[in-house]
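Asks: next input, structure requested:
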Amino acid sequence: MDRVTTIVDVNETNAEQTGFFCMRSKPDADGYRRKLHWLKRRFSEGLKIKIVEDGGHQGFIEYAPIEHAWRAVLGENYMVIHCLWIDEHSIGKGYGSRLLDACIRDAKAQNKSGVAVVTSSGGDTGLEPWLAGKDFFMKHGFELADQAPPSFELMVKRFDDRPVPRFPGDWAERTSKYGKGLIVIRSDQCPFFDQAVQLIAETADEWGLDLHVVNLADSRDARNAPAAFGTFAILYDGKLLSHHPLTKRDLMKRIESMRRS
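Replies: Numbers count the residues shown, from 1 in each chain. Reported below is the predicted structural model:
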């Protein structure tokens, strides 16, 4: 590498100045400010963000102890990765491996039993741009621990023989409790969710639909979410419409399809 590469730890003392990678070009946006506020409440729970810099922000990793992780994952004494993202122009330079290795070292230093991550391998999740694929983690010694519909995988790297984390499995029950209407379940964990909810609200207004937005207050709410992704979901009449943000066209197509079924 031509330039010096460093890994910066984002924490409560430097978060305002360093930022957290996502939406860094729009620090005044509502989504960015909400994420920053969310972060400041999470650092005391053990959440970590590490940014790799090489003349600029090139990628980041975000992770937390499983008892404070914002994914629908159950277990004990594991570290859970929320996000691992490398800028498309920096892929292939080893940044992802460096960030993952830093997380693994941190987990071992805290005497964790391992590291877990929710991945997506295609299908109807629409989360491929949001979640890293399992192949990258398999190259680093992770193995498949569990699966959730429609195509989520729970990958783990074990340090000992204690039980590995799992998905809850009661997805239909979790979804049906929300009842009728158009419902968005969101958190401030991702700054892009703010824009997604605004788009859904505009669509609901145009089509005369009542919209109810549920804001996840803490990691317990995320663990009880109706989808493995944990931090975002769209429901319609007690059924899961999507695990991820949708365009206006796709949202209405799915609603119309559900109405006909």
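Asks: quick one: residues contacting the closest residue to Lys248 other than its chain neighbours.
Replies: The shortest distance from Lys248 to any non-neighbouring residue, by C-beta to C-beta, 6 or more residues apart in numbering, is to Thr203 (4.6 Å). (C-beta placed from N, C-alpha, C; glycine too.) The neighbourhood of Thr203, defined by C-beta atoms under 8 Å, 6 or more residues apart in numbering, consists of Leu209, Lys248, Leu251, Met252.
Asks: cutoff 7 Å now
Replies: The contact partners of Thr203, by C-beta atoms under 7 Å, 6 or more residues apart in numbering, come to Lys248, Leu251, Met252.
Asks: now swap in Trp171 and tell me
Replies: By C-beta under 7 Å, 6+ apart, the contact set of Trp171 is Pro149, Pro226.
Asks: can you count the residues close to Arg220?
Replies: By other C-beta atoms under 10 Å, the residues close to Arg220 number 11.
Asks: and Glu12, how far from Val52?
Replies: In this view, Glu12 and Val52 are 20 Å apart by C-beta to C-beta, to the nearest Å.
Asks: same question, Pro226
Replies: To Val52, Pro226 is 34 Å away according to C-beta to C-beta.
Asks: and for Ala227?
Replies: Look at Ala227 and Val52: by C-beta to C-beta, they are 29 Å apart.
Asks: hmm, back to that, check the gap between the residue nearest to Lys248 and His244 for me.
Replies: 15 Å.
Asks: can you check Met258 too?
Replies: 16 Å.
Asks: excluding chain neighbours, give the residue nearest to Gly179 in space.
Replies: Gly238 (5.8 Å).
Asks: oh, I was asking about Ala72
Replies: Gly230 (4.6 Å).
Asks: which stretches of the stretch 51-200 of the chain form strands?
Replies: Assigned by DSSP state E, counting those that start in this stretch, the stretch 51-200 of the chain shows strands spanning 57-65, 78-86, 114-120, 143-148, 152-158, 182-186.
Asks: mean pLDDT added to the ones you listed, as CSV?
Replies: Putting the strands of the stretch 51-200 of the chain into CSV (pLDDT from 0 to 100) gives the following:
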stretch, mean pLDDT
strand 57-65, 91
strand 78-86, 95
strand 114-120, 95
strand 143-148, 96
strand 152-158, 96
strand 182-186, 97
